[in-house]
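Student: sequence and predicted structure below; questions after.
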Amino acid sequence: MSPADALPPQRAAVLTFLRRELAAGRAPSLAEIAEAFGFASRNAAQKHVQALVADGLLELEPGRKRGLRLPGRPDQLPLPVLGQVAAGVPIGADIGSDELLLLDRALFAEKPDYLLKVKGDSMRDDGIFDGDLVAVKRTGEARSGQVVVARIDGEITIKRLERGRSRIRLLPRNPEHAPIEVQPGQDFAIEGVYCGLVRRG
């Protein structure tokens, strides 16, 4: 008999729910588990999760708010969706979303740290479209020619970086959009480099 077969009915139902959600790329919060089963508090959900982890039926990734994953799936990479990035005029980043997707590591040449949802079409010719999720590796350094997520005066944009002798430009990949030239004194920083994208149907 497997450990799953020996579970009390309610715990087995919680496991079935979590397996379905995780397989679909969603990691439910304790509040969502509690709501799905009508538990009075998140503590009841936490007890079920802890027991399932102790039985080896779930794994917990340390340091992540929603770090649940199915055991034996090291190829799965949990990536948080942290907000929006503009492919067009820079927009404020809606940092704070706690959606988490489980994605195949093989999708990315370099391991990304998070996902951002693209708004706009300025990177169209690089195959990055409105509504795509771009995978980003956190770094403050980037080479000329790389696609980067940059912060300008507190707003976030995705563009191709061009470093000249005395200037930095952020280049769109759509002729309908003008390059952004970083002016002296502007608050400018590279937030990360583009590692790939996810397109949800």
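Tutor: Arrived safely, thanks for sending.

Student: give me the domain ranges for this protein.
Tutor: Domain ranges of the chain: 3-69, 76-198, per automatic domain parsing.

Student: would you mind putting those into JSON lines with mean neighbour count and mean pLDDT alongside?
Tutor: In this view, the C-beta of every residue, glycine as well, is placed from N, C-alpha and C. As requested, the domains of the chain are exported to JSON lines (neighbours: other C-beta atoms under 10 Å; pLDDT from 0 to 100):
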{"stretch": "domain 3-69", "mean neighbour count": "15", "mean pLDDT": "85"}
{"stretch": "domain 76-198", "mean neighbour count": "17", "mean pLDDT": "88"}
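
Student: this protein: strands as residue ranges?
Tutor: Per DSSP state E, the chain carries strands over the ranges 59-60, 68-69, 76-86, 99-104, 114-119, 133-138, 147-152, 155-163, 168-171, 180-181, 188-198.

Student: give the pairing partners of the first one; include direction for each.
Tutor: Read it as strand 59-60. Its sheet considered, strand 59-60 pairs with strand 68-69 (antiparallel) by DSSP bridges.

Student: so what touches the partner strand?
Tutor: Residues from elsewhere that reach strand 68-69, judged by C-beta atoms under 8 Å, 6 or more residues apart in numbering: 18, 22, 27-28, 49, 58-61, 76, 78, 102.

Student: now swap in stretch 109-121 and tell me
Tutor: By C-beta under 8 Å, 6+ apart, the residues outside stretch 109-121 that reach it are 77, 79-89, 91, 93, 101, 105, 128-138, 149, 156, 158, 174, 176, 192-193, 195-198.

Student: distance of Leu15 from Gly38?
Tutor: Leu15 sits 17 Å away from Gly38 when distances are taken as C-beta to C-beta, to the nearest Å.

Student: next, the angle strand 99-104 makes with the top helix by length along the chain.
Tutor: Across the chain, the longest stretch assigned as helix under DSSP state H is helix 9-23. If you take axes from the mean of the first three to the mean of the last three C-alpha atoms, to 10 degrees, helix 9-23 sits at 70 degrees to strand 99-104.

Student: gap between stretch 189-196 and the chain center?
Tutor: Its chain's average C-alpha position is 13 Å from that of stretch 189-196, according to C-alpha atoms, centre = their mean, to the nearest Å.

Student: alpha carbons of stretch 122-136, as CSV, please.
Tutor: Extracted C-alpha coordinates of stretch 122-136, given in CSV (Å, rounded to 0.1, in the frame of the first residue of the first chain):
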residue,chain,number,x,y,z
SER,A,122,7.3,47.5,-28.9
MET,A,123,9.3,44.1,-28.8
ARG,A,124,7.1,42.5,-31.5
ASP,A,125,10.0,41.8,-33.9
ASP,A,126,11.8,39.9,-31.2
GLY,A,127,8.8,37.7,-30.9
ILE,A,128,7.7,39.2,-27.6
PHE,A,129,4.0,40.1,-27.7
ASP,A,130,1.4,41.8,-25.5
GLY,A,131,0.3,39.4,-22.8
ASP,A,132,3.4,37.1,-22.9
LEU,A,133,5.2,36.3,-19.7
VAL,A,134,8.9,37.1,-20.0
ALA,A,135,11.4,35.2,-17.8
VAL,A,136,14.0,37.4,-16.2
